[in-house]
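J.: with the input below, show me the fold.
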Amino acid sequence: MAKLILVCGPTGVGKTTYSLALSKEVGAIRFSIDPWMQTLFSKDMTSLDYSWMIERVSRCYDQIWEVSEQILTLDGSVVLDLGFTTKEQRDVFANRARALNINAEVHYLSASKGVRKERVKKRNMEKDPAVYAFEVTDMMFNFMEPLFEVPDQEELQYGCKVNV
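T.: Numbers count the residues shown, from 1 in each chain. Okay, here's the model as predicted:
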């Protein structure tokens, strides 16, 4: 039976680590936004411009969905580690899944800001290729911090909150 899981949470919470383990556990194909953005657009980024970045994220989302839809149509499972900073971004994928008669599960990861900053610092130092796509600077962390929208109970209807 096809399953779509949307993993969300603020910067440094461990979305990629969680998604790697979850995809193995449920036998799903995992897509992560960071390597897509790093590979396709990092050399073109001259400043931290949210509108420039989100437009390219949206392009990646469209391509990732195209492949995800094929997998789901074949009764496969997909874990999406795409950041999903806003409810609107999550709703796009939840609505696309509903069109395939699938209720997307939202897995919301939560941890304190201090814990997340330490994880980012550690990831930046270790550069483990399984979870490291690029360095997250303090400026980037602080820039993204107020942009994350916590999922409400309706979004978590088919999902869960995980304290990590």
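J.: so where's this protein uncertain?
T.: Applying pLDDT under 70 to the chain flags the ranges 47-48, 132-134.
J.: and the longest helix for it?
T.: helix 50-73 (DSSP state H).
J.: after it, which helix or strand is next?
T.: strand 77-81 (DSSP states H and E).
J.: parallel or antiparallel, list what pairs with that following strand.
T.: strand 3-8 (parallel), strand 29-32 (parallel) (DSSP bridges).
J.: which parts of the helix or strand following it are buried?
T.: Using DSSP H and E, the helix or strand that directly follows strand 77-81 along the chain is helix 87-99. The neighbour-count check on helix 87-99 (16 or more other Cβ atoms under 10 Å) flags K87, Q89, R90, V92, F93, A94, R96, A97 as buried. (Each C-beta comes from the backbone N, C-alpha and C, glycine too.)
J.: which of the strands paired with strand 77-81 is buried the deepest?
T.: Among the strands paired with strand 77-81, strand 3-8 has the highest mean neighbour count (mean count of other Cβ atoms under 10 Å), at a mean of 24.
J.: quick one: closest of the strands paired with strand 77-81 to N142.
T.: In terms of Cβ to Cβ, the element of those nearest to N142 is strand 3-8, at 19.1 Å.
J.: and the closest one with helix 87-99, angle?
T.: 180 degrees (axes from the mean of the first three to the mean of the last three Cα atoms, to 10 degrees).
J.: the chain should start at 20 in everything you say after this.
T.: Done: numbering now begins at 20, and the last item shifts to strand 22-27.
J.: residues in contact with strand 22-27?
T.: For strand 22-27, contacts defined as Cβ atoms under 8 Å, 6 or more residues apart in numbering pick out 34, 37-38, 41, 45, 47, 87, 91, 96-104, 109, 112-113, 116, 121, 123-128, 170, 178.
J.: can you do 6 Å?
T.: Contacting residues not belonging to strand 22-27 are listed as 34, 38, 96-100, 103, 109, 112, 116, 121, 123-127 [Cβ atoms under 6 Å, 6 or more residues apart in numbering].
J.: same check, this time on stretch 145-164
T.: T30, T35, T36, D53, P54, Q57, L67, V139, R142, N143.
J.: try 8 Å this time
T.: With contact meaning Cβ under 8 Å, 6+ apart, stretch 145-164 is reached by 29-31, 35-36, 39, 51, 53-54, 56-57, 61, 67, 69, 104, 132, 135-136, 139, 142-143.
J.: pull the CA atoms of it into CSV?
T.: Extracted C-alpha coordinates of stretch 145-164, given in CSV (Å, rounded to 0.1, in the frame of the first residue of the first chain):
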residue,chain,number,x,y,z
GLU,A,145,32.0,16.3,10.8
LYS,A,146,30.7,16.8,7.2
ASP,A,147,29.2,13.3,7.2
PRO,A,148,28.2,12.8,3.5
ALA,A,149,25.0,11.0,4.6
VAL,A,150,23.6,14.2,6.2
TYR,A,151,25.8,17.0,5.1
ALA,A,152,25.1,18.9,1.9
PHE,A,153,26.5,22.3,2.8
GLU,A,154,27.6,24.4,5.8
VAL,A,155,24.7,26.0,7.7
THR,A,156,26.1,29.3,9.1
ASP,A,157,24.8,31.1,12.1
MET,A,158,23.4,33.7,9.6
MET,A,159,21.5,31.0,7.7
PHE,A,160,20.2,29.4,10.9
ASN,A,161,19.0,32.7,12.3
PHE,A,162,17.5,33.7,8.9
MET,A,163,15.4,30.5,8.8
GLU,A,164,14.4,30.3,12.4
